[in-house]
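Participant: With the sequence up front, the predicted model follows.
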Amino acid sequence: MIHPMKRYGFLVYHGDLNEFLEQLRDLGLVDITAKDWEATDAERELLARSTKYRDVAKQMKSIKLEPEEKPFDTVKEAVAKFEKADEVIAAAETSIHKAENEAKELKVWGDFDPAMLMQLKEEGIDLRFFETSAKQYKSEWEQDYPIDIVAHNGSNVYFVVAQPTADNEPINLPNTIERRAPQVSVSQKEAEIERLLSDQIQWQKVRARAALSREAIEKAYQKVKEEFEFSQAMNSGEVYADGTVKILEGWSLIEDESKIVDFAESQDAIYTVEDARAEQNPPIKLKNGFFARLFEPIGSLYMLPRYNELDMTPFFAPFFMLFFGMCFADAGYGLLFILLLLLFWKKIPVRFRPFGWLVFFLSLAAVIFGIFTGNVFGIQLVDIPMFEPFRKYFLDPNKIFYLSIAIGALQVIFGQILRIFNRIKRGGSILYGLSTIGWVILMIGSVVAFTRLLSAYTTSSVAYYITLGIAGVLIFFFNSPGKNPFVNFGSGLYDTYSMATGVVGDLISYVRLFAIGLVGGVIGQVFNELAFGLGGDMPIIAKQLTIVVILLFGHGLNIFIGLLGSFVHPVRLTFVEFYKNSEFEGGSREFEPFRKIGEPEELSAK
């Protein structure tokens, strides 16, 4: 859910603004709107510097330190040296790769001094270098030209042709490629590689020395970021009375109102306070329970809701967990991740443990669905004799297909129900939700009638026709409150077309849950059969080693592909199908109180 907010207006005399903001920052409860703020050159420089310090400090975390080295004297020098080292090391890596390829090409022709080619040319002999495949090389060419075969490299032949410098006759050697004469020797190129590697090592030492200043750089980032935010606050707000007074707009959580009022009165500030309204576009802070809060990072990949919308997080969280389980769908893989979490839980930093809990719930879903489908590390339990009595309880592919469609229909209908509340919240009246209520009645009524869940309620029953009539009236005549019936009817026709085509497309999208889970199980099964099917007359140790290698590689690859698909596709179903049906708009910014930034170790987690 969305945390209720309060809106404040502070009238501050320009001479007191600096001290007022200092005190407000120490309070750390108010989000100041950057209203009428336009960044100055100094503020742009501060922002760029803080971003640079933050990024450099993050990169330094992965560098092995050399404690015997002495850190650079200043943060500015350490950052400059680190960036220069990064630039040189990257350039050297590219140059080394290029030089190694060139050396490989040169080795074909042997190690000789290219100056000899110039001497031969001065004496009237021009050497030309050719390459062709062994099949295309013709021995009769040696009758027509002075040819010397230099090397056979795989299926290719490399040779040189000596030609008088004054001879302008073209050399007719079909299906050959003429190469440029070497400009440097192999020894010179290898010396160049050694020099580049040496330079790279020296700059890696410079980078490691710069990384000794990481803590100081994080503190500098904190200071520069605070300076930027303070300057932004100073230059925000509406100015009145020829710049002598300024009105600042701020936001806070509703439970902090008393603290902020006490602060304003202690400063003898003139202020206003009111409940936040959607049209004021307040910042958003989500307030969810333990389970839903784990899925907030996933929802933030899209955008935060508007103040007059529902927070979708608690509503999509159970579906996302279910979708992940259906896609991953292997009890063995799920148990493996749960076991790894249990083994390494104490080593996970506290700030990252919510992600650990998220992995646990997603893995649990994979275990549950893997058990229902009888899939454990690609082994089909239904094919094992001891599980024969449970065959009827396992879900076969046909059941999973229809289950995917059924779950899709459930989420679509649930999304439509949420659309009712979103429209009512935005419009301020139940009238704005009546047409969607009609669609929900139609959908639920049709599902019940076509599936014959109630024997007396079928597609030919009077009750069903009454349902259609009520739904039709709501859909065609209550979709645009305040407009005349003809406009409503036209809008209803358009909505009917959009709904009919959209819902069908949405339901088809949910088939991916069936397909991805099925493919993962098949891939695991194939690698199992491949591992135990190979070997033949191999010695027992070699055979076992082969089995282990194939199983580790195959299941490792399947886990990687499965994780990728099991995350991407549920995200897609959430942000496209579910958000569309719930009419989620979003677009608000996150609530960020004006306060001092945390300690350096907290910064590194951001």
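Facilitator: Cool, got the structure.
Participant: any idea whether residue 127 is helix, strand or coil?
Facilitator: Classification of residue 127 by DSSP: H, G, I helix; E, B strand; the rest coil places it in strand.
Participant: got the contact list for the residue lying closest to residue 152 once chain neighbours are set aside?
Facilitator: Distances taken as CB to CB, 6 or more residues apart in numbering put residue 134 closest to residue 152, at 6.9 Å, once the chain neighbours are dropped. In this view, the C-beta of every residue, glycine as well, is placed from N, C-alpha and C. For residue 134, the residues meeting the contact criterion (CB atoms under 8 Å, 6 or more residues apart in numbering) are 152, 155, 156, 157.
Participant: got a winner among these for most neighbours?
Facilitator: residue 157 (19 neighbours; other CB atoms under 10 Å).
Participant: immediately after the helix or strand hosting that residue, which helix or strand?
Facilitator: Using DSSP states H and E, residue 157 falls within strand 156-164. Moving toward the C-terminus from strand 156-164, the first helix or strand encountered (DSSP H and E) is strand 177-179.
Participant: All the strands of the stretch 351-500 of the chain, in order from the start?
Facilitator: 375-376, 379-380 (DSSP state E, counting those that start in this stretch).
Participant: can you check the chain too?
Facilitator: Counting by DSSP state E, the chain has strands at residues 5-13, 31-32, 125-133, 147-153, 156-164, 177-179, 238-240, 245-253, 270-275, 375-376, 379-380.
Participant: now the fifth one and strand 125-133, what's the angle there?
Facilitator: Right, strand 156-164. With axes from the mean of the first three to the mean of the last three CA atoms, to 10 degrees defining the directions, strand 156-164 sits at 160 degrees from strand 125-133.
Participant: Name the residues of stretch 237-246 that come out as buried.
Facilitator: For stretch 237-246, the neighbour count (16 or more other CB atoms under 10 Å) marks 237, 245, 246 as buried.
Participant: How about stretch 541-551?
Facilitator: For stretch 541-551, burial by neighbour count (16+ other CB under 10 Å) applies to 546, 547, 550, 551.
Participant: Also stretch 10-20?
Facilitator: The neighbour-count criterion (16+ other CB under 10 Å) identifies 10, 12, 17, 20 as the buried residues of stretch 10-20.
Participant: for residue 315, what are its contacts?
Facilitator: When contacts are taken as CB under 8 Å, 6+ apart, residue 315 is in contact with 414, 418, 582.
Participant: Type out the ChimeraX command that picks the buried ones from these.
Facilitator: Entered in ChimeraX, the line below selects the buried ones among the contacts of residue 315, by 16+ other CB under 10 Å:
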select :414,418,582
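Participant: Return the closest of the contacts of residue 315 with respect to residue 438.
Facilitator: Here the nearest of the contacts of residue 315 to residue 438, counting by CB to CB, is residue 418; it sits at 15.6 Å.
Participant: and residue 391, how many residues sit next to it?
Facilitator: Residue crowding around residue 391 was assessed by other CB under 10 Å; the count is 12.
Participant: Test my guess that residue 273 contacts residue 7.
Facilitator: Yes - assessed by CB atoms under 8 Å, residue 273 is found in contact with residue 7 at 7.2 Å.
Participant: quick one: low-confidence ranges for the protein?
Facilitator: Residues of the chain meeting the criterion pLDDT under 70: 168, 535-537, 598-606.
Participant: Would you mind measuring from the most centrally placed residue in it to residue 119?
Facilitator: Computing the C-alpha centroid of the chain and ranking residues by CA atoms, centre = their mean puts residue 301 first, at 7.6 Å. In this structure, residue 301 lies at 67 Å from residue 119, with CB to CB, to the nearest Å as the measure.
Participant: and if you look at residue 316?
Facilitator: Distance check for residue 316 against residue 119: by CB to CB, it reads 77 Å.
Participant: what's the answer for residue 238, then?
Facilitator: Distance check for residue 238 against residue 119: by CB to CB, it reads 83 Å.
Participant: if we can go back for a sec, ok, the strand holding residue 157: who's next to it in the sheet?
Facilitator: Within its sheet, strand 156-164 is paired with strand 125-133 (antiparallel), strand 147-153 (antiparallel), according to DSSP bridges.
Participant: contact partners of it?
Facilitator: 108-109, 124-134, 137, 145-152, 171, 173.
Participant: For it, what is the distance to the chain centroid?
Facilitator: 54 Å (CA atoms, centre = their mean, to the nearest Å).
Participant: Of all the residues in it, which ones are buried?
Facilitator: Buried residues in strand 156-164, counting neighbours by 16+ other CB under 10 Å, are found at 156, 157, 158, 159, 160, 161, 163.
Participant: Repeat that for stretch 502-509.
Facilitator: Along stretch 502-509, these residues count as buried under the neighbour rule (16+ other CB under 10 Å): 503, 506, 507, 509.
Participant: what do you get for stretch 42-59?
Facilitator: Across stretch 42-59, burial judged by 16+ other CB under 10 Å covers 43, 46, 47, 49, 50, 53, 54, 56, 57, 58.
Participant: correct me, but the second one touches residue 230?
Facilitator: No - the pair residue 46 / residue 230 is not scored as a contact, 9.7 Å apart, by CB under 8 Å.
Participant: Any idea how many residues pack against the closest residue to residue 325 other than its chain neighbours?
Facilitator: Nearest-residue entry for residue 325: residue 365, 2.9 Å, with adjacent residues in sequence omitted and distances by CB to CB, 6+ apart. Taking other CB under 10 Å as the neighbour definition, residue 365 ends up with a count of 23.
Participant: on that earlier part again, which pair of the buried residues of stretch 42-59 spans the longest distance?
Facilitator: Across these, the longest distance by CB to CB is 22.7 Å; it joins 43 and 58.
Participant: Need phi/psi at the residue lying closest to residue 132 once chain neighbours are set aside.
Facilitator: Once flanking residues are discounted, residue 132 sits nearest to residue 176: 4.2 Å by CB to CB, 6+ apart. Recorded main-chain torsions at residue 176 are phi -120, psi 160, according to degrees, to the nearest 10.
Participant: what residues are up against residue 176?
Facilitator: Residues counted as contacts of residue 176 (CB under 8 Å, 6+ apart) are 130, 131, 132, 136.
Participant: show me what contacts the last one?
Facilitator: If a contact means CB under 8 Å, 6+ apart, then residue 136 has 174, 175, 176 as its contacts.
Participant: can you do 7 Å?
Facilitator: Residues near residue 136 by CB atoms under 7 Å, 6 or more residues apart in numbering: residue 175.
Participant: Equivalent analysis for the third one, please.
Facilitator: The neighbours of residue 132, taking CB under 7 Å, 6+ apart as the test, are 156, 157, 175, 176, 177.
Participant: circling back to that earlier point, tell me which of residue 316 and residue 119 has more neighbours.
Facilitator: Legend: neighbour count by other CB under 10 Å for residue 316 and residue 119, higher for residue 316 (28 against 10).
Participant: I'd assumed residue 578 was in contact with the more buried one.
Facilitator: Yes - the pair residue 316 / residue 578 is scored as a contact, 5.7 Å apart, by CB atoms under 7 Å.
Participant: Burial check on the nearest residue to residue 112 once chain neighbours are set aside, number of neighbours?
Facilitator: Counting by CB to CB, 6+ apart, residue 185 is the residue found nearest to residue 112 once chain neighbours are left out, at 6.2 Å. Residue 185: 18 surrounding residues under other CB under 10 Å.
Participant: and which of the contacts of residue 134 is nearest residue 336?
Facilitator: The closest of these to residue 336 turns out to be residue 155 (CB to CB; 45.1 Å).
Participant: Pull up the gap between the closest one and residue 133, please.
Facilitator: Noted for residue 155: a distance of 6 Å to residue 133, by CB to CB.
Participant: buried residues in stretch 485-504?
Facilitator: Burial within stretch 485-504, assessed by neighbour count using 16+ other CB under 10 Å, is assigned to 488, 491, 492, 495, 499, 503.
Participant: ugh, wrong one, stretch 578-597
Facilitator: Neighbour counts using 16+ other CB under 10 Å place 578, 579, 581, 582, 583, 584, 588, 591, 593, 594, 595, 597 of stretch 578-597 among the buried residues.
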